[in-house]
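Provide a 3D model corresponding to the input given below.
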Amino acid sequence: MKKFATVTALILVVVLVVGAAYAQFAKPEEAIKYRKAVMLLIAQHFKRMGAVVQGKAPYEKEAFSSNAAAVQMLATLPWEACMVPGTDKGDTTLSPAVFQQPAEFKKAAESFEADTAMLAGAAKDGDLDTIKAQFGQVAKNCKSCHTSFRQK
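So this is what the prediction gives:
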């Protein structure tokens, strides 16, 4: 069952990557849907890792590494969809601050990408203490960005 979920997630990731390469958002609503789908996938993989880090699930190096790699790849996808004018209105929690502070938003996005890459590297190495520390850094990054660029 876990392999099926992993394979399904990886197929979805590939579809999203291809979609991102050709992403032409004709309407803000399309960008919002795309962004929300990517964030949902990030959250799902991050929750799986969180359960391990919190001791609520057993540590399985291969599964953890797979989730970390998925989050690393997904971390590169939502930013274009965040910058489409009008995507801070409607069915979204994106804050207008994204458009008011684009340099800060870009810096936060780049930091998230770097942190998730470090988490994926730590997951490959398999040292649980290092993984936990890096997982905490990614979680801190998420919270910081949500505080600054997400509407309540």
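
list the residues that contact F135.
M49, G50, V53, L119 (Cβ atoms under 8 Å, 6 or more residues apart in numbering). For the C-beta atoms, the positions are set from N, CA and C on the backbone; glycine is no exception.

can you tell me which of these has the most neighbours?
L119 (29 neighbours; other Cβ atoms under 10 Å).

let's test this: mean pLDDT of the helix or strand it falls within, rounded?
Counting by DSSP states H and E, the element that carries L119 is helix 102-125. Helix 102-125 shows a mean pLDDT of 97.

check stretch 35-43 too.
On average, stretch 35-43 scores 97.

just the CA trace of it, in CSV.
Provided in CSV are the C-alpha atoms of stretch 35-43 (Å, rounded to 0.1, in the frame of the first residue of the first chain):
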residue,chain,number,x,y,z
ARG,A,35,-1.0,26.6,-6.1
LYS,A,36,-3.5,25.0,-3.7
ALA,A,37,-2.9,21.6,-5.3
VAL,A,38,0.8,21.9,-4.9
MET,A,39,0.5,23.1,-1.3
LEU,A,40,-1.8,20.2,-0.5
LEU,A,41,0.7,17.7,-1.7
ILE,A,42,3.5,19.4,0.2
ALA,A,43,1.4,19.3,3.4
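
about what we covered before: out of the contacts of F135, which is nearest to E60?
Taking Cβ to Cβ as the measure, E60 lies nearest M49 of the contacts of F135, at 11.0 Å.

give me the pLDDT for the residue lying closest to the closest one once chain neighbours are set aside.
Across the structure, with Cβ to Cβ, 6 or more residues apart in numbering as the measure, the residue nearest M49 apart from its sequence neighbours is N67 (5.1 Å). Reading off the per-residue confidence, N67 sits at a pLDDT of 98.

check A23 too.
At A23, the pLDDT recorded in the model is 54.
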